[in-house]
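Peer 1: Give me coordinates for this.
(one chain, ligands or ions: 3)
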Amino acid sequence: MGKIKRIGVLTSGGDAPGMNAAIRAVVRSAIFYGCEAYGIYGGYQGLINGDIKRLRSQDVSNIIQRGGTILKSARSTEFRTEEGRAKAAAKLAEHKIDALVVIGGDGSFSGARLLIQEHDIPVVGIPGTIDNDLYGTDSTIGYDTAVNTAVEAVDKIKDTASAHNRLFFVEVMGRDAGFIALRVAIATGAEAVLVPEIDTDITDLEHFLEKDYDPKQSSGIVIVAEGDKAGGAYNVAQKVGEAHPEYDIRVSVLGHMQRGGSPSAFDRVLASQLGVAAVDALMDDQKSIMVGIMNKEIVHVPFNKTIKNSKGLNPELLNLVKILSNR
Ligand SMILES: Nc1ncnc2c1ncn2[C@@H]1O[C@H](COP(=O)(O)OP(=O)(O)OP(=O)(O)O)[C@@H](O)[C@H]1O
Ligand SMILES: O=P(O)(O)OC[C@H]1O[C@](O)(CO)[C@@H](O)[C@@H]1O
Ligand SMILES: [Mg+2]
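Peer 2: Ligands and ions are numbered 1, 2, ... in the order given. Model (predicted):
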């Protein structure tokens, strides 16, 4: 302990509500341990460009409740190259930053791992993505807020669906993962959920809807993850509509509203815990790990593990949608 004096922090990939709470926790715990904290603006691209500024305690005041990220986020093509990462390492050396906290998703951690391998810089990752698609943590920062945002929107859609006996296909985010879709489907009492992890059989879905949705006297909601193999809500709606012209179908794509907004209390607390845990881990000479939460306990997961493994959807929750939509 004591080797690390200057800690850099950046946010990378898609932003997620609660990232600001995590930045605050990293900065304040770094200062608590007698270190200096540096904000890197614009993810890995900002690091390559040297967009770096010292952050003091007051710089992270009044941000715990704000969505987005004060450090901005980016997807950097240059950082994917060895030359790009060498430039990034040189900037860290120039600012005498001896450790990094990366708040982001699986891609951001893949980049971090290469930076560690090639330049021997300690990096600890904090899982920040609304998709919740990271192995080794029960929840990622932003997931709970995104689910709550989508649930609020679907509740509103249900009011109008019910008024007109309509069948709605609501698309939620999740390019490769169905965690948001599944939780939203359960929380809104949807008739069905379509997720990228499971191949969608449209005929099966139609049979299910025939049983569940009577256009003369009921309404229905199908939650579709954007990455569903059947092609998203518009495509699924079109196929079902062709087979059932008597259905009154509408589509609603919730989109990026799910990434914004004030973080839920759950995400603020999680981000605060993980921010402190990340700095604790660096003080403890850890490098190349993600901090996560499993069964309410803080865990350290090697980047190797979280990158190579994928987190599966809970089959019991999938089954729940089927059992509970049964009329
Ligand atoms: N294999 C890789 N090698 C080097 N850098 C990478 C690699 N994968 C991703 N990165 C870097 O990390 C950045 C963020 O990755 P990505 O766009 O996959 O988002 P993410 O961190 O997975 O978050 P989310 O999926 O929530 O948007 C990329 O723009 C790139 O700079
Ligand atoms: O519009 P962008 O920034 O490319 O990100 C879209 C993607 O980001 C995610 O929300 C993850 O942050 C995915 O579910 C979605 O497909
Ligand atoms: Mg990702």
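Peer 1: leaving aside the residues next to it on the chain, what's closest to Met19?
Peer 2: Thr69 (4.2 Å; C-beta to C-beta, 6 or more residues apart in numbering). To be clear about C-beta, it is placed using only N, CA and C from the backbone, and glycine gets the same treatment.
Peer 1: was I right about Ala192 contacting Glu210?
Peer 2: No: judged on C-beta atoms under 8 Å, Ala192 makes no contact with Glu210 at a distance of 11.9 Å.
Peer 1: So these two - more neighbours on which side?
Peer 2: A count of neighbours by other C-beta atoms under 10 Å puts Ala192 above the other of Ala192 and Glu210, at 22 against 12.
Peer 1: Tell me which helix or strand Asp138 sits in.
Peer 2: Using DSSP states H and E, Asp138 falls within no helix or strand.
Peer 1: Residues touching stretch 229-239, excluding its own?
Peer 2: Stretch 229-239 is contacted from outside by 169-171, 194, 196, 199-200, 202, 205, 222, 224, 226, 228, 249-253, using C-beta atoms under 8 Å, 6 or more residues apart in numbering.
Peer 1: tell me which residues of that stretch are tucked away?
Peer 2: Buried positions in stretch 229-239, judged by neighbour count with 16 or more other C-beta atoms under 10 Å: Ala230, Gly232, Ala233, Asn235, Val236, Ala237, Lys239.
Peer 1: And for stretch 304-323?
Peer 2: The neighbour-count check on stretch 304-323 (16+ other C-beta under 10 Å) flags Thr306, Ile307, Lys311, Leu313, Leu318, Val321 as buried.
Peer 1: On the three-state scheme, the second one is what?
Peer 2: Okay, so that is Ile307. Put simply, Ile307 is helix when judged by DSSP: H, G, I helix; E, B strand; the rest coil.
Peer 1: can you offset everything so residue one is 47?
Peer 2: That works, and once the first residue is 47, the last one we named lands at Ile353.
Peer 1: how far away is it from Leu180?
Peer 2: 9 Å (C-beta to C-beta, to the nearest Å).
Peer 1: and for these two, which residues touch both?
Peer 2: Joint contacts of Ile353 and Leu180 (C-beta under 8 Å, 6+ apart) are Asp152.
Peer 1: Quick check: phi and psi at Ser264.
Peer 2: Main-chain torsions, Ser264, degrees, to the nearest 10: phi -150, psi 170.
Peer 1: can you list the residues of the stretch 47-196 of the chain near ligand 2?
Peer 2: Selection of the stretch 47-196 of the chain residues close to ligand 2 by C-beta under 6 Å from any ligand atom yields Gly60, Thr175, Ile176, Asp177.
Peer 1: so who does the residue lying closest to the second one once chain neighbours are set aside touch?
Peer 2: Put plainly, it is Thr175. Spatial nearest neighbour of Thr175, excluding adjacent residues (C-beta to C-beta, 6+ apart): Gly151 at 3.8 Å. Going by C-beta under 8 Å, 6+ apart, Gly151 touches Ser58, Gly59, Gly60, Pro173, Gly174, Thr175, Asp177, Asp179, Leu180, Thr186.
Peer 1: Val169 contacts Ile149, doesn't it?
Peer 2: No: Val169 is beyond contact range of Ile149, at 11.3 Å (criterion: C-beta under 8 Å).
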